[in-house]
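Trainee: A structural model of the following input is requested.
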Amino acid sequence: MTRNMTKVVALTAASLALLAGCGEPKATPMDDEYAGDSGETESSQEQQSQSGDSDKKDSSSGDSSSNSNDSTQSDNKDTGNYADGTYSINSQYGPVGEDTIDVHLTVKGGNVENVEIVGHPLTSISQKHQEDFAKAINGVVDGKPLKDLKVDKVAGASWTSDAFNKALDVARQQASIQ
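Mentor: Now for the predicted structure:
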């Protein structure tokens with residue numbers, strides 16, 4: 001009996017060790033042809049990306065490119081001073097990164113003006129969390145300064161909230177005026 005319990009404990013510990021790093025949310029700018037999986041047409045995603053990029057180009061005097069394959073960084077650093085515009089980020093989360101959300105964040109005067117969330121759940125449970133989060137998030141962040149903004153569990157969706165926070169990090173980098 002003790003030997004079987006030892007095997008169970010060992011297998012459980014090994015499983016937890018393998019999954020420990022898997023649930024870390026990742027966020028990337030949605031400014032390439034492969035970004036996001038929202039079901040939107042490529043032209044509407046391109047138009048959405050260009051509206052944020054054109055505002056950024058007009059407002060910044062440096063390199064406005066923010067293409068990056070790194071999971072949580074853009075080429076820009078967060079300066080705390082943000083260009084107005086709409087920024088689109090895809091954020092992945094879950095035990096093995098199976099769920100994603102597209103975050104379309106509109107910034108005006110350094111504050112969050114509006115957020116649109118498009119969810120891509122793997123399960124019906126994830127879908128419910130993403131839908132509840134999408135309904136509640138504007139009431140939590142609209143009108144708040146983008147700088148240092150972070151949400152706690154919104155509408156009971158802790159992993160979706162974590163993924164949103166990663167998306168905020170990327171949005172701050174994209175929107176930063178250098």
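Trainee: how about the strands of this structure, start to end?
Mentor: Ranges of strands in the chain, per DSSP state E, are 26-29, 85-93, 99-108, 111-120.
Trainee: In JSON lines: these, plus mean neighbour count, mean pLDDT and distance to Asp132.
Mentor: For every residue, glycine as well, the C-beta is placed using N, CA and C. Shown next, in JSON lines, are the strands of the chain (neighbours: other CB atoms under 10 Å; pLDDT from 0 to 100; distance: least, CB to CB, whole Å):
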{"stretch": "strand 26-29", "mean neighbour count": "24", "mean pLDDT": "80", "distance to Asp132": "20"}
{"stretch": "strand 85-93", "mean neighbour count": "25", "mean pLDDT": "97", "distance to Asp132": "15"}
{"stretch": "strand 99-108", "mean neighbour count": "24", "mean pLDDT": "98", "distance to Asp132": "12"}
{"stretch": "strand 111-120", "mean neighbour count": "18", "mean pLDDT": "98", "distance to Asp132": "10"}
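Trainee: Where does the prediction get shaky in the chain?
Mentor: For the chain, residues meeting the criterion pLDDT under 70 lie at 1-24, 31-75.
Trainee: can you list the strands of the chain in CSV and add distance to Ser161?
Mentor: Below are the strands of the chain laid out as CSV (distance: least, CB to CB, whole Å):
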stretch, distance to Ser161
strand 26-29, 13
strand 85-93, 10
strand 99-108, 10
strand 111-120, 11
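Trainee: Which one of those lies nearest to Ala163?
Mentor: The closest of the strands of the chain to Ala163 is strand 85-93. By CB to CB, the value is 4.0 Å.
Trainee: helices or strands next to the closest one in the packing?
Mentor: When contacts are defined as 3 or more CB pairs under 8 Å, 6 or more residues apart in numbering; DSSP states H and E, strand 85-93 packs onto strand 26-29, helix 42-59, strand 99-108, helix 158-175.
Trainee: mind checking which of the strands of the chain is nearest Lys128?
Mentor: Closest of those to Lys128 is strand 111-120, at 9.9 Å (criterion: CB to CB).
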